[in-house]
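Engineer: this one's structure only:
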């Protein structure tokens, strides 16, 4: 799948595409409906299908002090879009220049002149342009004026209401990964490169793979049952601490530290996708390493049980 720069002309063989337009962070069930409509129309009309996204997220541009909130990296989104049938991902770098473009200018300059869009598909609540002066009504009017089709997809209902990235974030912050997975249609997964740590887990008999959390949303601190995929295709199961390890003096860095069952190998430098399957307990401070070690054994038992039913 090609990754295209939204500030440059799209290659000739991808012009005339049906473009799914949105942030698509998390690529949840609602996003999938939008992209699915775009892909179906593209195939029916013999056109390419492109998914256009924004990076960084507009919120990060306008409110740089916002705590981390991403549900997916750009690489993860690209893989999800490809699996959904898209031919290319178009990335609009959200900067001062893009933020200053009114809706009409964005459509005429970016969607038509550079991307050569033959049609656009968005969610019903999509807004764009300087000061959010564009919505689906404005987009439809511009489509009629310039001769490109506009399709709007209604929100998707899930358990508890409309599926949204905000609801998914709320579930994760509350330590409810199963509820988040129901809206995402897959578990929330953190991707990172395994780094060297203090190796205390190895001393306790529970060697862990340490991953920093980067720009990902911070789920509730605690112990999780996890499944991981290594970049060489291996699949592992285990229990992971997500947080700052309050029992360990001087530990302040947020880490995801999975311990994998029945695994004895070197993962340093490997890229892992670690999916949070179930929440076992909140992070806690223990009276010494012996108490921590005993609790880790109980946590692993609980994680094995949770994974056996997930």
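Structural biologist: That came in fine, so what should we check first? Nothing here was measured: the structure is a model prediction, and the numbers come from that model.
Engineer: I'd say residue 55 and residue 89 touch.
Structural biologist: No: between residue 55 and residue 89 there is no contact under CB atoms under 8 Å: 10.0 Å. To be clear about C-beta, it is placed using only N, CA and C from the backbone, and glycine gets the same treatment.
Engineer: between those two, tell me which one has more neighbours.
Structural biologist: A count of neighbours by other CB atoms under 10 Å puts residue 89 above the other of residue 55 and residue 89, at 23 against 17.
Engineer: in contact with that one, which residues are there?
Structural biologist: Counting by CB atoms under 8 Å, 6 or more residues apart in numbering, residue 89 makes contact with 1, 2, 3, 4, 50, 51, 52, 53, 77, 78, 81, 82.
Engineer: by pLDDT, give me the weakest of those.
Structural biologist: Lowest pLDDT among the contacts of residue 89: residue 1, with 90.
Engineer: so that residue sits right up against residue 87, yeah?
Structural biologist: Yes: using CB under 8 Å, residue 1 is in contact with residue 87, at 6.9 Å.
Engineer: higher neighbour count, these two?
Structural biologist: Neighbour count, other CB under 10 Å: between residue 1 and residue 87, residue 87 has more, with 19 against 13.
Engineer: for the more buried one, give me its contacts.
Structural biologist: Here residue 87 is in contact with 1, 2, 14, 17, 42, 48, 49, 50 (CB under 8 Å, 6+ apart).
Engineer: so which of those comes closest to residue 289?
Structural biologist: residue 1 (47.3 Å; CB to CB).
Engineer: export the contacts of residue 87 to JSON lines and append columns for distance to residue 189 and secondary structure.
Structural biologist: Output for these, formatted as JSON lines (distance: CB to CB, whole Å; DSSP: H, G, I helix; E, B strand; the rest coil):
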{"residue": "1", "distance to residue 189": "19", "secondary structure": "coil"}
{"residue": "2", "distance to residue 189": "24", "secondary structure": "strand"}
{"residue": "14", "distance to residue 189": "29", "secondary structure": "helix"}
{"residue": "17", "distance to residue 189": "28", "secondary structure": "coil"}
{"residue": "42", "distance to residue 189": "27", "secondary structure": "helix"}
{"residue": "48", "distance to residue 189": "28", "secondary structure": "coil"}
{"residue": "49", "distance to residue 189": "24", "secondary structure": "strand"}
{"residue": "50", "distance to residue 189": "24", "secondary structure": "strand"}
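Engineer: just the buried residues of these.
Structural biologist: 2, 14, 17, 42, 48, 49, 50 (16 or more other CB atoms under 10 Å).
Engineer: ok, the fifth one to residue 168 distance?
Structural biologist: It refers to residue 48. 29 Å (CB to CB, to the nearest Å).
Engineer: the stretch 101-250 of the chain: strands as residue ranges?
Structural biologist: 119-123, 149-153, 157-158, 161-162, 189-193, 211-212, 222-230, 235-243 (DSSP state E, counting those that start in this stretch).
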